[in-house]
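Novice: Quick one: sequence plus predicted model below, questions after.
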Amino acid sequence: MTNSVKITAGNIFPAIEATLLNGTTVDMSKAHSGADWQMIIVYRGKHCPLCVRYLNLLEEQQEALKAIGVSVSAISADSKAQLEGTMEQLSITYPIAYGLTEQQMQQLGLYISAPRSEQETDHNFAEPGLFIINDEGNTQAVNISNTPFLRPELDVVVRGLTFVRNQDDYPIRGTVTY
């Protein structure tokens, strides 16, 4: 087992270059669509029905997130062809990218899994992660899991972000070091 460095709350979030289905390369850490904060969802890939469900549930939160200035993007280690297959199961309007590399997974501190079989997928993949990047480019909130069934409830995330965004100078939590 190797050690992985976890993203630290309050630190600058790294630039994560990724490719959208239309071939556009984007920095996943940058807010878009008029928002000043960014939410990045890392999902396991096409082979994961829980991920597909989560991504579709996230679409239901888009209006509430837009209202508080938070844009959303999703990414996995899947290939372009695998993402095209996933899109058949999704009804989403936010950007979704493919090709997350193992180096990027490590940079984000994600858990990485090997496929159980070739029927599952043909590459190592990231377990779920959710990152909130504030208007200064700092990591405001982090949730990293080693399994697809331990994810934050999206309505709770949206309520929490709404609370934080409506406060004057709400601090980034979890920054005390020893």
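Specialist: Here it is on my side, so go on.
Novice: in this structure, which spans are strands?
Specialist: 17-20, 25-27, 37-42, 70-75, 96-98, 112-113, 125-126, 129-133, 139-144 (DSSP state E).
Novice: Those into TSV, with extra columns for distance to C48?
Specialist: To be clear about C-beta, it is placed using only N, CA and C from the backbone, and glycine gets the same treatment. As requested, the strands of the chain are arranged in TSV below (distance: least, Cβ to Cβ, whole Å):
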stretch	distance to C48
strand 17-20	18
strand 25-27	23
strand 37-42	12
strand 70-75	12
strand 96-98	14
strand 112-113	10
strand 125-126	8
strand 129-133	13
strand 139-144	16
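Novice: which one of these lies closest to V157?
Specialist: With respect to V157, and counting by Cβ to Cβ, the nearest of the strands of the chain is strand 129-133 at 7.3 Å.
Novice: other SSEs contacting the closest one?
Specialist: For strand 129-133, the packing partners by 3 or more Cβ pairs under 8 Å, 6 or more residues apart in numbering; DSSP states H and E come out as strand 37-42, strand 139-144.
Novice: ok, now which ones touch I96?
Specialist: The contact partners of I96, taken as Cβ atoms under 8 Å, 6 or more residues apart in numbering, are L20, L21, L55, S73, A74, I75, L83, T86, M87, L90.
Novice: In ChimeraX, select just the buried ones from the residues you listed.
Specialist: Here is the ChimeraX selection string for the buried members of those, based on 16 or more other Cβ atoms under 10 Å:
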select :20,55,73,74,75,83,86,90
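Novice: circling back to that earlier point, tell me the most buried of the helices and strands packed on strand 129-133?
Specialist: strand 37-42 (a mean of 23; mean count of other Cβ atoms under 10 Å).
Novice: Does that strand pack against any helices or strands, and if so which?
Specialist: Packed on strand 37-42, when contacts are counted by 3+ Cβ pairs under 8 Å, 6+ apart, are helix 49-59, strand 70-75, strand 129-133.
Novice: Give me the residue at the spatial middle of this structure.
Specialist: Central residue of the chain (Cα atoms, centre = their mean): I41, 1.7 Å from the mean position.
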